[in-house]
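Asker: I would like to see how this sequence folds:
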Amino acid sequence: MSRQTVVLGAGMIGVSIAWHLARRGRSVLLIDRRPPGQETSYGNGGLIQREAVRPYTFPREFGKLLSALPNRRVDIRYRLSGMLQFAGALYGYWRYSAPRHYERIVAEYASLIMLSTQEHAPMIEAAGAAGLIGKEGWLEVHRSQAELERRQREAEDAAVRFGVTHEALDAAALARLEPELKPGLAGAIHWTNAWSVADPGGLVAAYAESYKRQGGEFLQANVERVSQAGQGWRIETDSGSHEADEVVVALGPWSGGWLRDLGYRLPAFVKRGYHMHYGAERRGGCGTGSPTPTSAISLRRCAPASGLPRAPSWLASMRPLLKVSWMPPNAGLESSIPLLASGWRRCRGRARVPVCRT
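Answerer: Numbers count the residues shown, from 1 in each chain. This is a model prediction of the structure:
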């Protein structure tokens with residue numbers, strides 16, 4: 001059976017594209033080897049970052065690059081083979097992080113990010129997923145006064161140029177808002193028009209159900225081959241072949257390989273992150289975290305998800321650094337989270353998001 005469009009990959013990007021195409025009356029088939037939202041989108045940071053109008057840059061400071069060479073930092077890890085394999089792409093990333101290129105990129109990038117919450121809003125409503133969304137924003141907490149002031153200047157610029165809303169908090173205001181944090185912090189920026197997602201994979205699944213209610217089809221199958229067939233495309237899976245006028249490749253970290261097979265050479269590579277979960281022993285609950293000893297962390301209140309009780313906070317690294325491979329297990333974990341007051345314990349950490357059981 002032929003469709004107008006086949007979308008490969010049922011993560012947030014693929015499902016969103018399929019949802020919009022089906023809404024516009026196109027015949028769409030969405031294909032993934034797993035149910036929607038069960039791969040990379042399952043373990044994302046859980047934020048719709050309306051404030052993130054500045055893309056992460058490659059570190060350009062000589063001191064930062066030099067400190068990364070021994071490969072002993074928690075926030076930057078690399079494999080030499082991977083660095084050599086992606087040397088061209090990494091050089092391009094470094095080059096276009098230079099100020100004269102970066103400012104042009106910011107304007108283009110921000111034009112998309114500015115639409116993020118307003119584009120999600122009708123999908124959330126159609127999917128009946130409002131219970132997964134929090135609109136309280138998130139906190140970017142700083143130890144360094146100088147770094148806090150630098151970020152405040154960027155926040156003010158983003159407010160004027162891109163409509164980002166925020167509230168600057170000094171140390172006293174932060175302590176009143178989050179008394180579980182240890183004293184000695186410089187303050188925080190409260191990004192107020194970002195939204196939080198209690199269950200990222202669940203939101204993707206809800207969007208997928210809404211897509212199917214609009215007449216879209218989903219096929220759980222392994223894609224084996226994609227090839228041109230006349231003016232269209234043939235997609236061969238382990239459950240049969242399908243034809244379409246158009247193919248959308250939304251396979252996340254696997255997209256590069258498939259696109260190369262189709263003759264497209266894009267300067268793309270995988271940037272890995274990681275999650276660690278922390279629970280409050282006295283209160284119960286579960287948060288997710290990335291235990292990097294940075295000068296800034298993100299902190300937001302957790303909404304209930306998957307039957308878990310509410311927790312005081314969620315910790316996740318938000319520092320703009322490249323992570324080329326996994327962080328080694330237990331690499332300085334206990335010494336790298338000095339921000340929380342007593343009564344917290346670390347739960348099991350894995351490459352995918354683990355469940356913290358109190």
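Asker: hey, what's the nearest residue to Leu262 once chain neighbours are set aside bridged with?
Answerer: Closest residue to Leu262 apart from its sequence neighbours, by C-beta to C-beta, 6 or more residues apart in numbering: Val226 at 6.5 Å. For every residue, glycine as well, the C-beta is placed using N, CA and C. Judged by DSSP bridges, the bridge partners of Val226 are Ile235.
Asker: how many other residues sit next to Val226?
Answerer: 20 (other C-beta atoms under 10 Å).
Asker: isn't it up against Asp261?
Answerer: Yes - between Val226 and Asp261 there is a contact at 7.3 Å, judged by C-beta atoms under 8 Å.
Asker: check contacts around the residue located most distally from the centre of the chain.
Answerer: Within the chain, the residue lying farthest from the chain centre (C-alpha atoms, centre = their mean) is Gly230, at 37.5 Å. For Gly230, no contacting residues are found, by C-beta atoms under 8 Å, 6 or more residues apart in numbering.
Asker: next one: the one 3 residues further on
Answerer: Neighbour list for Trp233: Val6, Val226, Ser227, Glu243, Ala244, Asp245, Glu246, Val247 [criterion: C-beta under 8 Å, 6+ apart].
Asker: give me the sheet partners of the longest strand seen in the chain and which way each runs.
Answerer: For the chain, the strand reaching the highest residue count under DSSP state E is reported as strand 240-249. Here strand 240-249 has these sheet partners by DSSP bridges: strand 2-8 (parallel), strand 232-237 (antiparallel).
Asker: would you mind finding the most buried of the ones you listed?
Answerer: strand 2-8 (a mean of 21; mean count of other C-beta atoms under 10 Å).
Asker: who touches it?
Answerer: 14, 17-18, 21, 26-32, 217, 223, 226, 232-233, 235, 242-251, 258.
Asker: how far out from the middle of the chain is it?
Answerer: 26 Å (C-alpha atoms, centre = their mean, to the nearest Å).
Asker: how far off centre is whichever helix or strand comes after that strand?
Answerer: Downstream of strand 2-8, the next assigned helix or strand under DSSP states H and E is helix 12-23. How far helix 12-23 lies from its chain's middle: 18 Å, per C-alpha atoms, centre = their mean.
Asker: now stretch 254-270
Answerer: 20 Å.
Asker: repeat that for stretch 79-95.
Answerer: With C-alpha atoms, centre = their mean, you get 21 Å for stretch 79-95.
Asker: got the buried residues for that stretch?
Answerer: Phe86, Leu90, Tyr93 (16 or more other C-beta atoms under 10 Å).
Asker: which helix or strand contains the last one?
Answerer: Assigned by DSSP H and E, Tyr93 belongs to helix 87-95.
Asker: just the CA trace of that helix, in CSV.
Answerer: The C-alpha trace of helix 87-95 is given here as CSV (Å, rounded to 0.1, in the frame of the first residue of the first chain):
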residue,chain,number,x,y,z
ALA,A,87,37.5,15.5,13.7
GLY,A,88,36.0,17.3,10.7
ALA,A,89,32.6,17.8,12.4
LEU,A,90,34.2,18.7,15.7
TYR,A,91,36.4,21.3,14.0
GLY,A,92,33.3,22.8,12.3
TYR,A,93,31.5,22.9,15.7
TRP,A,94,34.5,24.7,17.3
ARG,A,95,34.8,27.1,14.3
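Asker: run the angle between the helix or strand following it and helix 87-95 for me.
Answerer: Using DSSP H and E, the helix or strand that follows helix 87-95 in sequence is helix 99-113. Angle, helix 99-113 to helix 87-95, by axes from the mean of the first three to the mean of the last three C-alpha atoms, to 10 degrees: 90 degrees.
Asker: tell me the mean pLDDT for whichever helix or strand comes after helix 99-113?
Answerer: Tracing the chain C-terminally past helix 99-113 and defining elements by DSSP H and E, one meets helix 116-127 next. Averaged over helix 116-127, pLDDT sits at 97.
Asker: likewise stretch 44-61?
Answerer: 89.
Asker: and if you look at stretch 13-25?
Answerer: On average, stretch 13-25 scores 97.
Asker: ditto for stretch 254-262
Answerer: 88.
Asker: show me where the protein has helices.
Answerer: Listed in chain order, the helices found in the chain under DSSP state H are 12-23, 62-68, 80-85, 87-95, 99-113, 116-127, 145-162, 171-177, 200-213, 255-261.
Asker: restrict stretch 218-232 to CA atoms and write it as CSV.
Answerer: C-alpha atoms of stretch 218-232 as CSV (Å, rounded to 0.1, in the frame of the first residue of the first chain):
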residue,chain,number,x,y,z
PHE,A,218,1.9,3.3,13.2
LEU,A,219,4.0,0.2,12.4
GLN,A,220,6.3,-1.3,14.9
ALA,A,221,9.0,-2.9,12.7
ASN,A,222,12.7,-2.9,11.9
VAL,A,223,13.6,-0.9,8.8
GLU,A,224,16.0,-2.9,6.7
ARG,A,225,16.4,-0.8,3.6
VAL,A,226,15.3,2.5,2.1
SER,A,227,15.6,3.0,-1.7
GLN,A,228,14.3,5.1,-4.5
ALA,A,229,11.5,3.6,-6.5
GLY,A,230,10.7,5.7,-9.6
GLN,A,231,9.5,9.1,-8.3
GLY,A,232,9.0,7.8,-4.8
